[in-house]
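Enquirer: Pasted the sequence and its predicted model underneath.
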Amino acid sequence: MSLTSTEADGAQIVTVNADRIDAAMAIQFKEDMRSETESGPERVILDLSLVQFIDSSGLGAIVAAMKQLGRDRRLDLAGPTPMVEKVFRLTRMDTIFTLYASLNDAISANKT
């Protein structure tokens, strides 16, 4: 799984450079997220704009990544494609995570 990480406006932005987060990739995703977010700002934004498909294993991996951050840090999600957003809403995971329509929206929300 290819993840890239940058910082902007006091937040760490982790971009998923893959079109799927599914059972075949979930374990690698969790490991890569752990190494990318071991330290850093209080807020982590996961950019999902390239992800076209996510299954229950992918959702579980994102929840695990959130838990790895601990209580003092938070994970927000940015740029979900319509199919990915639908999965988050159907599973009510949109009540656990804050979803932003775009990465710019997520970054802007940090300024308020």
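Expert: Yes, it's here.

Enquirer: partner residues bridging the closest residue to G40 other than its chain neighbours?
Expert: Excluding its sequence neighbours, the residue lying closest to G40 (C-beta to C-beta, 6 or more residues apart in numbering) is Q12, at 4.3 Å. Yep, even glycine has a C-beta here, placed from its N, CA and C like the rest. Beta-bridge pairing for Q12 (DSSP bridges): E7, V44.

Enquirer: Would you mind listing where the chain has pLDDT under the threshold?
Expert: For the chain, the stretches with pLDDT under 70 are 1, 110-112.

Enquirer: Which parts of it are helices?
Expert: Taking DSSP state H as the criterion, the chain contains helices spanning 26-36, 56-69, 82-90, 103-109.

Enquirer: which residue is nearest the centroid of this structure?
Expert: L46 (2.9 Å; C-alpha atoms, centre = their mean).

Enquirer: give me the number of residues near T6?
Expert: Residues lying near T6 (other C-beta atoms under 10 Å) number 11.

Enquirer: That one contacts E36, correct?
Expert: No: using C-beta atoms under 8 Å, T6 makes no contact with E36, being 10.5 Å away.

Enquirer: So for those two, which residues contact both of them?
Expert: Here T6 and E36 share the contacting residues Q12, scored by C-beta atoms under 8 Å, 6 or more residues apart in numbering.

Enquirer: how long is stretch 99-108 from one end to the other?
Expert: One end of stretch 99-108 to the other measures 13 Å (C-alpha to C-alpha, to the nearest Å).

Enquirer: hmm, back to that, mind checking which of the helices of the chain is nearest L75?
Expert: helix 56-69 (4.3 Å; C-beta to C-beta).

Enquirer: which helices and strands does that closest one pack with?
Expert: The helices and strands touching helix 56-69, judged by 3 or more C-beta pairs under 8 Å, 6 or more residues apart in numbering; DSSP states H and E, are strand 20-21, helix 26-36, strand 43-47, strand 74-78.

Enquirer: The closest residue to S49 other than its chain neighbours: how many residues sit nearby?
Expert: The shortest distance from S49 to any non-neighbouring residue, by C-beta to C-beta, 6+ apart, is to G79 (3.3 Å). By the criterion of other C-beta under 10 Å, G79 has 23 neighbours.
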